[in-house]
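**Q** Need a 3D model of the sequence below.
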Amino acid sequence: MPVQFPPALQPGQRVAIVSPARKISAAELAPAVATLESWGLEVVLGESIAGDHHQFAGPDDLRRADFQRQLDDPSIRAILCARGGYGTARIVDGLDFTAFAQQPKWVAGFSDITVLNSHLLALGHASIHGVMPVLFHQEGGELALETLRRALFGETFQPIAVPAHPLNRPGTATGALVGGNLSLLQTITGTPSQASFAGRILFLEDLDEYLYHIDRMLLHLHRSGQLAGLAGLVVGHFSQMRDNTIPFGVTAEGIIDRYAQMYDFPVGYGFPIGHEADNLTLVVGQEVTLTVNDAGARLTA
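**A** This is a model prediction of the structure:
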């Protein structure tokens, strides 16, 4: 299925900020709103930004209706997810992408928003895996924010190069990007939100997981056949990993290597993607080339 790309943003257009997962206040978003306005955009805050239902940005029905409203509004040219957390998978099945398919727009976020990134790709639409408004102004995140701006406004993808890593597997592969947060990719396996990995370059990241969870999730992707057809693998941040009293005995990267060794695609470690300030933007569905050699690994488009 060919992937459709939304038109690039233009100054003067309207964008919406919504929260399909964890709650957030308008005050927390004020700096991000100012930044978006400095890019020449008009910002609309969705009803979920004021939502408050336990840890969620309002009940499921409210968050779903808010997202649907932005999907259906032709004046909204991009939907920025305010933050992650947990909750997007609870609302995605109730969303209707009929109007969106007639006039696609950018949907941007990462972490829990992997559900939407994957769901849209399964429907044949590109989206953005990148820094979210609550994190726009992290120290050290200036380049991450700039790469988001570049993606939204249709500017040329800048190659991402990382140093050599002892676990890298050399080779060259070309394919469309798919992936995101490992925990969410496992969660949506076997659902309508699961996008095919076949012939594509998978990128992975995760946060605050036990090492045995990483193994269990990768085992699931392996046993369900999702890793078998990969063109290549890009490994991002695996941040704040946890361990049991009796250690698992292998790092997250070592666990990934165990499963990667079962296949023959190129693998590049250490990419600035995930839950760190240097979370560079990737366009899910964009065709890229992964090159891994003695000098390191590189993504180009």
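
**Q** Hmm, Ile91 and Arg64 touching each other?
**A** Yes - counting by Cβ atoms under 8 Å, Arg64 sits close enough to Ile91 to count as a contact (4.0 Å). (Glycine included, C-beta is placed from N, CA and C.)

**Q** Give me the more crowded residue out of those two.
**A** Ile91 (24 against 20; other Cβ atoms under 10 Å).

**Q** Skipping its backbone neighbours, what lies nearest Ala301 in space?
**A** Ranked by Cβ to Cβ, 6 or more residues apart in numbering and with sequence neighbours excluded, the top spatial neighbour of Ala301 is Phe157, at 3.9 Å.

**Q** before we move on, what about Ala126?
**A** Gly285 (3.5 Å).

**Q** who touches that neighbour in this structure?
**A** Val3, Phe5, Leu120, Leu121, His125, Ala126, Ser127, Ala176, Leu177, Val178 (Cβ atoms under 8 Å, 6 or more residues apart in numbering).

**Q** One more: Ala30?
**A** Ala30 neighbours (Cβ under 8 Å, 6+ apart): none.

**Q** CA-only coordinates of the host helix or strand of it, as PDB, when you get a sec.
**A** For Ala30, the host element (DSSP states H and E) is helix 26-38. Extracted C-alpha coordinates of helix 26-38, given in PDB (Å, rounded to 0.1, in the frame of the first residue of the first chain):
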ATOM      1  CA  ALA A  26      -3.000  24.800  29.600                       C
ATOM      2  CA  ALA A  27      -0.500  26.500  31.800                       C
ATOM      3  CA  GLU A  28       2.000  23.700  31.100                       C
ATOM      4  CA  LEU A  29       1.500  24.200  27.400                       C
ATOM      5  CA  ALA A  30       1.900  28.000  27.300                       C
ATOM      6  CA  PRO A  31       5.600  27.900  26.300                       C
ATOM      7  CA  ALA A  32       4.900  25.500  23.500                       C
ATOM      8  CA  VAL A  33       2.000  27.600  22.300                       C
ATOM      9  CA  ALA A  34       4.200  30.600  22.200                       C
ATOM     10  CA  THR A  35       6.800  28.600  20.100                       C
ATOM     11  CA  LEU A  36       4.200  27.400  17.600                       C
ATOM     12  CA  GLU A  37       2.900  31.000  17.300                       C
ATOM     13  CA  SER A  38       6.400  32.200  16.600                       C
END
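
**Q** can you pull the buried residues of that helix?
**A** Leu29, Ala32, Val33, Thr35, Leu36 (16 or more other Cβ atoms under 10 Å).

**Q** Following that helix in sequence, what is the next regular element?
**A** Counting by DSSP H and E, what follows helix 26-38 is strand 42-45.

**Q** and that following strand, how far from the chain's centre?
**A** 22 Å (Cα atoms, centre = their mean, to the nearest Å).

**Q** Which positions in the next helix or strand after it come out as buried?
**A** Note on strand 42-45: by DSSP H and E, the next helix or strand toward the C-terminus is helix 60-72. Residues Leu62, Arg63, Arg64, Ala65, Asp66, Phe67, Gln68, Arg69, Gln70, Leu71 are the ones in helix 60-72 that count as buried (16+ other Cβ under 10 Å).

**Q** For the second one, give me its contacts.
**A** This means Arg63. Shown in contact with Arg63 (Cβ under 8 Å, 6+ apart): Val18, Ser19, Pro20, Ala21, Ser48, Gly51, Phe56, Ala57, Gly87, Ile91.

**Q** got CSV for these, with pLDDT and distance to Leu116 too?
**A** Converted to CSV, those look like this (pLDDT from 0 to 100; distance: Cβ to Cβ, whole Å):
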residue, pLDDT, distance to Leu116
Val18, 98, 11
Ser19, 98, 12
Pro20, 98, 7
Ala21, 98, 10
Ser48, 98, 14
Gly51, 96, 17
Phe56, 98, 16
Ala57, 98, 15
Gly87, 98, 11
Ile91, 98, 10
